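Peer 1: predicted model and sequence below, questions to follow.
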Amino acid sequence: MVETNTLSSASVSENNFAEFSLKVRIATLTAVLLPLAGFVAAIVSIWGWGFGWIEFSLLTGMYVLTVLGITVGFHRLFTHKAFETYSFIKYLLAIFGSMAVEGSLLKWVAVHRRHHQFSDMADDPHSPHNHGNSVRDILRGAWHAHIGWFFEPDPSDLARYTKDLSRDKVLVKIDDLFPLWIIMGLVIPAVLGGLMHGSWEGALSGLLWGGFARAFLVHHVTWSINSICHIWGSRPFNTSDRSRNNFLFGIFALGEGWHNNHHAFPSSARHGLKWWQFDLSYEVIRLLKLLKLVWKVNLPSNKAAYKTQGTFISEAL
């Protein structure tokens, strides 16, 4: 009788897990496809309403705001602790990053920390490598790194990577309210578009360009750091992985495309180490430092890194 109950409980548990997994996959698919549909609708709307300065401002403004939430907040502050700042700035960056619709704060940080621990090895969550050497395998690896890994089960030990952040009750609450921040990222440009145009059509245009189209562009630019920046580009530093610097994504991903530099110095707040490697995210951090809003900004400890090649160790991991 006990054995029967145990098997029954196990079956229920398996069914619950399968149901949960299905819900996660559906939610992930929605988060991927809805911005794509909105982007297409925004392009189509050009023929009807046009694309003016209001649409451009909402698209670029929301793009920069949410990408900085990822690059300065989720990545350099929360994942790598590249600088310190006041709590209210932490919480704002956590909200802006959540509005990018790339996953909740704790999960994003956990996955990225695991990526650095196993970069381009078998346990890397989103490496484009280790899939084979044929053209088909290379393409499959690129797809996996860019988007395919979202649909695979999460590692069972992700929570251990964010024990430090989980001690902050406000950050945990922001993480719990992830769906709310997604909605806000759509409502804000819609409201602004409606107010600036003075019409419901303007609100819809703001929703399409500042909401859905922006999310689509944010997704595929930042996801390209996982895929393209581990396949194509230069390798000035002899890191243990296959990370690469890519000029195009150094610009459009606001500094994240200098990815080989980043893997050489994981905790550095500055990814663009050469004068011509523009890094808007670092410029924002530097501005905040000038305003006395951030401090203890980590930079590569070996100044020769700016002039020579080789493997160097950052100040803190």
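Peer 2: Yep, that arrived. Numbers count the residues shown, from 1 in each chain.

Peer 1: C-alpha from now on. contacts and neighbour counts both.
Peer 2: Fine.

Peer 1: for the stretch 101-250 of the chain, which segments count as helices?
Peer 2: Assigned by DSSP state H, counting those that start in this stretch, the stretch 101-250 of the chain shows helices spanning 105-117, 135-146, 163-166, 169-176, 178-197, 200-206, 214-227, 247-252.

Peer 1: quick one: closest of those helices to L92.
Peer 2: L92 lies closest, by CA to CA, to one member of the helices of the stretch 101-250 of the chain: helix 169-176, at 9.8 Å.

Peer 1: spit out the contact partners of H75.
Peer 2: Going by CA atoms under 8 Å, 6 or more residues apart in numbering, H75 touches V109.

Peer 1: one step back: next, format the helices of the stretch 101-250 of the chain as TSV and append distance to F74.
Peer 2: Conversion of these to TSV gives the following (distance: least, CA to CA, whole Å):
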stretch	distance to F74
helix 105-117	6
helix 135-146	18
helix 163-166	11
helix 169-176	11
helix 178-197	13
helix 200-206	26
helix 214-227	12
helix 247-252	17
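
Peer 1: I'd like these as TSV, with mean neighbour count appended.
Peer 2: Output for the helices of the stretch 101-250 of the chain, formatted as TSV (neighbours: other CA atoms under 10 Å):
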stretch	mean neighbour count
helix 105-117	19
helix 135-146	18
helix 163-166	13
helix 169-176	15
helix 178-197	19
helix 200-206	21
helix 214-227	22
helix 247-252	18
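
Peer 1: mind listing what L59 touches?
Peer 2: Neighbour list for L59: W209, G210, G211, A213, R214 [criterion: CA under 8 Å, 6+ apart].

Peer 1: look up how far L288 lies from it.
Peer 2: 24 Å (CA to CA, to the nearest Å).

Peer 1: ok, which stretches of the stretch 201-317 of the chain are strands?
Peer 2: Secondary structure of the stretch 201-317 of the chain (DSSP state E, counting those that start in this stretch): strands located at 294-295.

Peer 1: where does it have low pLDDT?
Peer 2: For the stretch 201-317 of the chain, applying pLDDT under 70 flags the ranges 302-317.

Peer 1: do that again at 80, thanks
Peer 2: By pLDDT under 80, the weakly predicted segments of the stretch 201-317 of the chain are 301-317.

Peer 1: low-confidence ranges in the stretch 51-200 of the chain?
Peer 2: 132.

Peer 1: hang on, isn't F150 packed against T30?
Peer 2: No. With contact defined as CA atoms under 8 Å, F150 does not count as touching T30 (11.8 Å).

Peer 1: that's all I had, so thanks and see you.
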